[in-house]
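**Q** how would this look folded up:
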Amino acid sequence: MTATSPSQPSPLQPSFAQAIEISGQWLALWEAGELSEEVLADRVAELVVSRDGARGFFVVALAGDSPLMDRLPELVVLQLRLAGAAVVDLMVRNLAMSTAMALHHGRSGDGNQKTGSERVQLRSRELLRLLEPSAVKQRLETLLAAARDGEGDDVTFLERWGYDAEQRSAICEAIEAVAD
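**A** The predicted structure is shown next:
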């Protein structure tokens, strides 16, 4: 474990794979009533201080069967808000990727994968509505500029994943749905 600064508690610094495993264990304990919302919120806070920890947590929380994201405890929301721009960035990227993949899976006739991507999209959208509004708005505007106009910092992100015009249009619609 490595501390990020002397003023913060020593957070977990797991690998992406370790964060997935840890998150799955914690969510199972929470669902079974063996882990309080307070303790879960503290554990989530420890994970999301690192990029790999946050990515691993969201893989499990957004795509998994746990109901956490469907009935998010206020204490967990608070910790995700406190994590700031890094969590906002990951959630915006999850919104974009799940939107594009839902369209891709629909085209290929893979209904199960499409449903999974749509669930991640919905959960991402709902969490974005709970995070710090000005940070979310700014980050979504950056993605919108890239998806709609081909401008800005996210152009490389969209090109790296090879999203076509229809996927980019769907991403624009998903961004607009956050504000609805």
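**Q** And the lengthiest helix in the chain, what does it pack against?
**A** For the chain, the longest helix by residue count, based on DSSP state H, is helix 85-108. Other elements packing on helix 85-108 under the criterion 3 or more C-beta pairs under 8 Å, 6 or more residues apart in numbering; DSSP states H and E are helix 51-63, helix 111-128, helix 133-149, helix 155-160, helix 165-179. Yep, even glycine has a C-beta here, placed from its N, CA and C like the rest.
**Q** what angle do the third one and helix 85-108 make?
**A** Spelled out, it's helix 133-149. 40 degrees (axes from the mean of the first three to the mean of the last three C-alpha atoms, to 10 degrees).
**Q** Just the pLDDT for residue 179.
**A** You'll see residue 179 listed with a pLDDT of 83.
**Q** number of nearby residues for it?
**A** Using other C-beta atoms under 10 Å, residue 179 has 12 neighbouring residues.
**Q** how close does it sit to residue 157?
**A** Per C-beta to C-beta, to the nearest Å, residue 179 is found 21 Å from residue 157.
**Q** same check, this time on residue 175
**A** Taken as C-beta to C-beta, the span from residue 175 to residue 157 is 14 Å.
**Q** okay, those two: which has more neighbours?
**A** residue 175 (22 against 18).
**Q** quick one: that one from residue 136, how far?
**A** Taking C-beta to C-beta, one finds residue 175 at 10 Å from residue 136.
**Q** returning to that earlier point: just the buried positions in the longest helix of the chain, please.
**A** Residues 87-106 are the ones in helix 85-108 that count as buried (16 or more other C-beta atoms under 10 Å).
**Q** Show me the chain divided up by domain.
**A** Structural domains annotated on the chain: 16-82, 85-179, as defined by automatic domain parsing.
**Q** and the last one, how far apart are its ends?
**A** If I follow you right, that is domain 85-179. The straight-line separation of the ends of domain 85-179 (C-alpha to C-alpha, to the nearest Å) is 18 Å.
**Q** what does the shortest one give?
**A** One end of domain 16-82 sits 21 Å from the other (C-alpha to C-alpha).
**Q** what's the average pLDDT for it?
**A** Mean pLDDT, domain 16-82: 96.
**Q** And the residue nearest the centre of this structure?
**A** Nearest residue to the geometric centre of the chain (C-alpha atoms, centre = their mean): residue 91, 3.4 Å.
**Q** pretty sure that one contacts residue 127?
**A** Yes: contact criterion C-beta atoms under 8 Å: residue 91 and residue 127 qualify, at 5.6 Å.
**Q** Which residue, neighbours along the chain excluded, lies closest to residue 47?
**A** Sequence neighbours aside, residue 53 is the residue nearest to residue 47 in space, at 3.8 Å (criterion: C-beta to C-beta, 6 or more residues apart in numbering).
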